[in-house]
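*Asks:* Sharing a sequence plus its predicted fold:
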Amino acid sequence: MGVIRLKNMLFYGYHGVKKSEKELGGKFEVDLELSMSLKNSGLSDNLHDTVDYEAVYKTVSNCVESKRFFLLEALAENISRSVIMKYNIDAVVIRVRKPNAPVSGVIDTVEVELKRKKSDYV
């Protein structure tokens, strides 16, 4: 088993409960940890034996930029489901961050983390 990480992917989306979040949008950061066997790709040195990072990035981009959710939890769930169902991945850890979330106080970011297995969606 191995892990492929895509860290600090940055997107612009319209997710949130407040009216301003839906109208103005904001930045969202996403980290993925993709758990899968890396033995074949390590031996073959062939892209067809692993996950195409660019394809995964485009899948995440589509989830963040073409859909709208009230909650970070729902956005993270949608991304993890899309990635697991589309690629040969055993499990995923996803972190979705919302920098400068509109809360009454000083805060750097709000982050949601989910851990999902393929069996959660089959």
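*Replies:* Happy to help now that I have it. Residues are numbered from 1 along each chain as shown.
*Asks:* the helices in this structure, which residues?
*Replies:* Counting by DSSP state H, the chain has helices at residues 19-24, 39-44, 53-66, 72-86.
*Asks:* winner for burial among those helices?
*Replies:* The highest mean neighbour count among those, using mean count of other CB atoms under 10 Å, belongs to helix 72-86: a mean of 19. Where C-beta positions appear, they are placed from N, C-alpha and C, glycine not excepted.
*Asks:* and the angle from it to helix 53-66?
*Replies:* If you take axes from the mean of the first three to the mean of the last three CA atoms, to 10 degrees, helix 72-86 sits at 140 degrees to helix 53-66.
*Asks:* How far off centre is helix 72-86?
*Replies:* Helix 72-86 sits 7 Å away from the centroid of its parent chain (CA atoms, centre = their mean, to the nearest Å).
*Asks:* Need the contact partners of that helix.
*Replies:* 13, 15, 28, 30, 32, 34, 56, 59-60, 62-64, 67, 69, 89, 91-92, 94-96, 98, 110-114, 116-118, 120-121 (CB atoms under 8 Å, 6 or more residues apart in numbering).
*Asks:* Separate out the buried members of these.
*Replies:* Neighbour counting by 16 or more other CB atoms under 10 Å classes 13, 15, 28, 30, 32, 34, 56, 59-60, 63-64, 69, 89, 91-92, 94-96, 98, 112, 114, 116 among the contacts of helix 72-86 as buried.
*Asks:* now residue 76: how far from residue 61?
*Replies:* As judged by CB to CB, to the nearest Å, residue 76 and residue 61 stand 15 Å apart.
*Asks:* what sits against the spatially closest residue to residue 68 that is not a sequence neighbour?
*Replies:* Leaving aside its chain neighbours, residue 68 sits nearest to residue 14 (5.1 Å; criterion: CB to CB, 6 or more residues apart in numbering). The neighbours of residue 14, taking CB under 8 Å, 6+ apart as the test, are 21-23, 25-26, 68.
*Asks:* Could I get those residues in CSV, plus columns for pLDDT?
*Replies:* Compiled in CSV, these are given as follows (pLDDT from 0 to 100):
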residue, pLDDT
21, 85
22, 88
23, 90
25, 92
26, 93
68, 95
